[in-house]
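Engineer: what follows is a predicted structure for the sequence shown.
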Amino acid sequence: MTAQYPTITGTLTPEDLIAGPCALPDAPLAMPRQVLEARTGLLRRILSAFLPRPPAPTGAKG
Amino acid sequence: MSGLHIKRVALTGLRASALLASVLAGFGAFVLFLQFGDADGLDTLDVVRALLILISTLWLAWGAVQALIGLTTRPKPPAIDRDRPITGRCVILMPVYNEDPLATFARVAAMDASLAATAEAEAFHFAILSDTRNEAIARREEALFAHLVTERAGLGRFFYRRRTLNTGKKAGNIEDFISRSGAAYDYALILDADSLMEGETIVEMVRRMQAEPRLGLLQTLPRVINARSRFGRAMQFSASFFSPVFARGLAMMQGEAGPFWGHNAMVRVRAFAESCGLPELSGRPPFGGHIMSHDYVEAALLARAGWIVRLDDDLGGSYEEGPENIVDHAKRDRRWCQGNLQHARVIGAPGLRAWSRFVFAQGIMAYIAPLFWLGFILASIAAPLVAPPPDYFPEPYWPFPYFPPSGASKAIGLAIGIFGLLFLPKILIAARASLSGQTRGFGGPFIAFASTLAELVFSSLTAPILLLFATRSVIQVLLGRDGGWPTNNRGDGRLTLAESFAASHWIVTIGLLGLAATWAFAPGLLLWLLPVGVPMILAPLILGWSSRDSNSMLMAVPTEYAPAPVMLAQERIFERWSAQFAPPAAAGAPAPAPVPEVAHA
């Protein structure tokens, strides 16, 4: 199928070109996953702000 | 008080004033409607309708306020040193997905030629990132890429990669590039397959990125070009004549958390890599899975990480193409609708800026607003059924009947107010353009004003049809139906009457039933609802008629009178290549197999 098209300077087929000199440069850069979903929902977080909380434990005596 | 602090206070003041004005307009409509409903005694439906009109008016007013802010200022370029040489390296990313490579690669060649005319061409590379699923199109992409490299002497500057799996769609395509090659570049210009940009604009964007090290993303305002149909040219005129003013208003309120529209924008690669790795949302599509409208989310994430995201609406030389008919527009809108409603899952993400959350809310509102209008219309048709019969003798033994005061004047006042919010910004934009000489590119003040009126009539005719398409999209998403990832149909979008009818017969049915119900239950409303019902009944004719080619002087835009140099270059290259590369079917090759995504669309 590709034979019907002209190739670059008569030396490389399009497939060779894409696999060789025109392949993406190898220069990796990390793209860490971002946090978009809080572990608890927004409504639950808002409501929990108003709920009474158990008193903080007191330190051991002595 | 520091300059930065004053700027922040001014920005907060502007945003608060805009919001307050919109809320006041909404409450004004609410009170006016309650007074109208009170004429014959308030009932539950009156209150429901008043609430619906409050939300709808508030939304309309927000758009109008944005335009008014835009009308009061002019865009101006930032003061930067333009003699400073470009030191960073920029890659121009062209993601493709089953589009015609002849047109797409001709755009790449034209942009490369345009960049070559600047003194900074050395700093730019091009990468074509293919997600094409159709093998015949993929082979053609490869062949045309080889031709592109040969013609533009692009060895070492042009790259092509096709993914075997298109995970994450366009966002995944860009992410794959950054993960593999991102460290080789300082900046990346993200395009769409139909994007076209002047070399000078691209160079200026890099200069602005260099001048502001905190700038993470720079968005341009793309103008729609090459429209041929009546619908396409109306959209093109609107994008060219009205949108810059709305964008100016948006730019005034953006602060450091501006928009990203997914293309014709430049990112700082390091900022994008460290802030924009998108996770898959829990659950299944349409609300879970990959993030569809990734651009808004990426803008919010960049702002969250402390980078500036900015729309520079003074930048010209940025173009895109649009749908040529209402059906293609509705298909694209279906995808955007799903993407925006999915943002309901992201709006509460930890650490986002308040303005970013507000932008998500606006996007959601843009798609659910039609539901409020539809709800209002339905409630108005039903209202007479539940209203108590008029009591002409409220006082016992009083011999003369009492006629309750008519609320018609309130209803008319409300209607005038709502139409004012819809039409006034556009009329004011036309008036300002006429006074400032900006109408020159639009055929002069007279034609520009006539085009404005024609656009108002056209958008009034198509609004009820688009309202129903949008409503259907929202309902489909809420019912959990995933719209997939259809290819954009670019090119001749002429619809036959049969195609138009197939796409809109359900709209005709709703229009007929709606007007019949109004006639039966609320005959007093019939005249008010004719402008909504009649376009629905005529939907197939409107769809077909609006998809026909237009050569009218109306809706003319500057790029029709004087195409930009990069447009002319693209046209020349496209014509030359078209003669060299016959489409596969004509060349005797097997015709491309149907693309599942297109069939789905």
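Structural biologist: That came through fine.
Engineer: please count neighbours and contacts with C-alpha atoms only from this point.
Structural biologist: Will do.
Engineer: got any ranges where the chain has weak pLDDT?
Structural biologist: Using chain A. A:1-10, A:39-46, A:48-62 (pLDDT under 70).
Engineer: let me rephrase: I mean chain B.
Structural biologist: For chain B, applying pLDDT under 70 flags the ranges B:1, B:388-394, B:401-407, B:482-492, B:582-601.
Engineer: now the strands for it?
Structural biologist: Under the criterion DSSP state E, strands of chain B are mapped to B:90-96, B:124-130, B:158-162, B:187-190, B:196-197, B:215-219, B:223-224, B:265-268, B:308-311, B:318-320.
Engineer: quick one: which of these is nearest chain A?
Structural biologist: Of all the strands of chain B, it is strand B:158-162 that lies closest to chain A, at 4.5 Å by Cα to the nearest Cα.
Engineer: angle of that closest one against strand B:90-96?
Structural biologist: Angle, strand B:158-162 to strand B:90-96, by axes from the mean of the first three to the mean of the last three Cα atoms, to 10 degrees: 40 degrees.
Engineer: what residues does strand B:158-162 touch?
Structural biologist: Residues from elsewhere that reach strand B:158-162, judged by Cα atoms under 8 Å, 6 or more residues apart in numbering or on different chains: A:18, A:22-24, B:125-132, B:145, B:149.
Engineer: which strand residues bridge the residue nearest to A:Leu24 when sequence neighbours are not counted?
Structural biologist: Excluding the flanking residues, the one nearest A:Leu24 by Cα to Cα, 6 or more residues apart in numbering or on different chains is B:Phe159, at 5.6 Å. B:Phe159 forms beta bridges with B:Ala127, as assigned by DSSP bridges.
Engineer: okay, now B:Phe159: neighbour count?
Structural biologist: Here the count is done by other Cα atoms under 10 Å in any protein chain shown, and B:Phe159 has 25 residues near it.
Engineer: out of the strands of chain B, deepest packed?
Structural biologist: Stretch with highest mean neighbour count among these: strand B:196-197 (a mean of 26; mean count of other Cα atoms under 10 Å in any protein chain shown).
Engineer: and the strands of chain B as CSV, adding distance to A:Leu36?
Structural biologist: Below are these laid out as CSV (distance: least, Cα to Cα, whole Å):
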stretch, distance to A:Leu36
strand B:90-96, 25
strand B:124-130, 27
strand B:158-162, 29
strand B:187-190, 23
strand B:196-197, 33
strand B:215-219, 19
strand B:223-224, 32
strand B:265-268, 21
strand B:308-311, 19
strand B:318-320, 31
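Engineer: out of the ones you listed, the one nearest B:Gly3 is which?
Structural biologist: Among the strands of chain B, strand B:308-311 comes nearest to B:Gly3, with 17.3 Å by Cα to Cα.
Engineer: ok, and what's touching that closest one?
Structural biologist: With contact meaning Cα under 8 Å, 6+ apart, strand B:308-311 is reached by B:214-221, B:251, B:254-260, B:299, B:302-303.
Engineer: could you list which of the residues you listed also contact chain A?
Structural biologist: For chain A, no contacts are drawn from the contacts of strand B:308-311 by Cα under 8 Å from any Cα of the partner chain.
Engineer: select only the buried ones of those in PyMOL?
Structural biologist: Typed into PyMOL, the next command selects the buried ones out of the contacts of strand B:308-311 (criterion: 16 or more other Cα atoms under 10 Å in any protein chain shown):
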select buried, chain B and resi 215+216+217+218+219+220+221+251+254+255+256+257+258+259+260+299+302+303
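Engineer: go through the contacts of strand B:308-311 and flag which are in helices.
Structural biologist: B:Ala251, B:Ala299, B:Leu302, B:Ala303 (DSSP state H).
Engineer: distance check, the second one against A:Glu15.
Structural biologist: Put plainly, it is B:Ala299. Distance, B:Ala299 to A:Glu15, by Cα to Cα, to the nearest Å: 36 Å.
Engineer: nearest to chain A, of the ones in helices among the contacts of strand B:308-311?
Structural biologist: Using Cα to the nearest Cα, the shortest approach to chain A within the ones in helices among the contacts of strand B:308-311 belongs to B:Leu302, at 10.8 Å.
Engineer: doesn't B:Val108 make contact with B:Arg152?
Structural biologist: No: look at B:Arg152 against B:Val108 with Cα atoms under 8 Å: they stay out of range, at 9.8 Å.
Engineer: who in the stretch 1-150 of chain B is up against chain A?
Structural biologist: Near chain A, when you scan the stretch 1-150 of chain B using Cα under 8 Å from any Cα, you find B:Ala127, B:Arg139, B:Arg140, B:Glu142, B:Ala143, B:Phe145, B:Ala146, B:His147, B:Val149, B:Thr150.
Engineer: put the buried members of those into a ChimeraX selection.
Structural biologist: To isolate the buried ones among the residues of the stretch 1-150 of chain B next to chain A in ChimeraX, judged by 16+ other Cα under 10 Å, type:
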select /B:127,139,140,142,143,145,146,147,149
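Engineer: helices - which of the residues of the stretch 1-150 of chain B next to chain A land there?
Structural biologist: Applying DSSP H to the residues of the stretch 1-150 of chain B next to chain A, the entries found in helices are B:Arg139, B:Arg140, B:Glu142, B:Ala143, B:Phe145, B:Ala146, B:His147, B:Val149, B:Thr150.
Engineer: quick one: contacts for the nearest residue to the second one once chain neighbours are set aside?
Structural biologist: Beyond its immediate neighbours in the sequence, the residue positioned closest to B:Arg140 (Cα to Cα, 6+ apart) is B:Pro101, lying 7.0 Å away. Under the criterion of Cα under 8 Å, 6+ apart, the contact partners of B:Pro101 comprise B:Ile137, B:Arg140, B:Glu141, B:Leu144.
Engineer: and the residues you listed, which is closest to B:Asp328?
Structural biologist: Of all the contacts of B:Pro101, B:Ile137 has the smallest distance to B:Asp328: 21.1 Å, by Cα to Cα.
Engineer: related to what we said a few turns ago, need the residues of the stretch 1-150 of chain B next to chain A in TSV (columns: distance to B:Ala16).
Structural biologist: Shown next, in TSV, are those (distance: Cα to Cα, whole Å):
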residue	distance to B:Ala16
B:Ala127	43
B:Arg139	54
B:Arg140	53
B:Glu142	53
B:Ala143	55
B:Phe145	51
B:Ala146	54
B:His147	55
B:Val149	52
B:Thr150	56
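Engineer: and which of the ones in helices among the residues of the stretch 1-150 of chain B next to chain A is nearest to B:Tyr319?
Structural biologist: Using Cα to Cα, these come closest to B:Tyr319 at B:Phe145, 22.1 Å.
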